[in-house]
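K.L.:
What shape does this take:
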Amino acid sequence: MKSLLQFGVIFLLTIFYSGCDTNDNNELNSDNPIIGNWQLIEAYISSGGPQYLVSIENGEKFKFSSNGTFSSNKYPECTSGNFSTESNELILKYDCNGFTAGIENSEGNITYKVTFESDYFLLTPTSVICTEGCNYKYKKITND
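P.N.:
Coordinates of the predicted model:
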């Protein structure tokens, strides 16, 4: 009986420790396709009618790091924060006290539906509604 109890304890401890995440530094999966540097190159917008494509020169840039942080030149008054991806959603939380872009959801995050392609992704806002539709195309510029 004692050996059965010891076996049970060892078995439970093995299951417990094998289920723990060994990534103590809160790194995201390096296979996450959003990790790297991206630049806005096109926007699909509408001015009350069907969407149309607009090319963007020197578009805003994002850098997504594997530690869950990002930096961007989109808003000069706040250039960094934390991000996460869940399913096909990108969640941005800017880290500047008092900063608001005016498009945050009720949790204070800016959210997008993200669609990945080979060397670009499309962002469609979900924390604010584009009545006629809108999305933004970002091209990967480096893997840093």
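
K.L.:
residues contacting K139?
P.N.:
Shown in contact with K139 (CB atoms under 8 Å, 6 or more residues apart in numbering): W38, Q39, I41, D119, Y120. Using the backbone N, CA and C atoms, a C-beta is placed for each residue, glycine as well.

K.L.:
give me the element it is part of.
P.N.:
strand 135-142 (DSSP states H and E).

K.L.:
what do you get for G49?
P.N.:
Assigned by DSSP H and E, G49 belongs to neither a helix nor a strand.

K.L.:
I'd like the distance between the nearest residue to it once chain neighbours are set aside and Q51.
P.N.:
Of all residues beyond its chain neighbours, the one nearest G49 is E132 (7.2 Å), with distances taken as CB to CB, 6 or more residues apart in numbering. Relative to Q51, E132 is positioned 7 Å away (CB to CB, to the nearest Å).

K.L.:
Any idea how many residues pack against the nearest residue to N105 once chain neighbours are set aside?
P.N.:
When the adjacent residues along the chain are set aside, N105 lies closest to S127, with 4.0 Å between them (CB to CB, 6+ apart). Here the number of neighbours of S127 (other CB atoms under 10 Å) works out to 17.

K.L.:
ok, now which ones touch S127?
P.N.:
I103, E104, N105, N109, I110, T111, Y112.

K.L.:
thinking the second one is in contact with T126, fair?
P.N.:
Going back to what we said before, that points to E104. No - using CB atoms under 8 Å, E104 is not in contact with T126, being 11.4 Å away.
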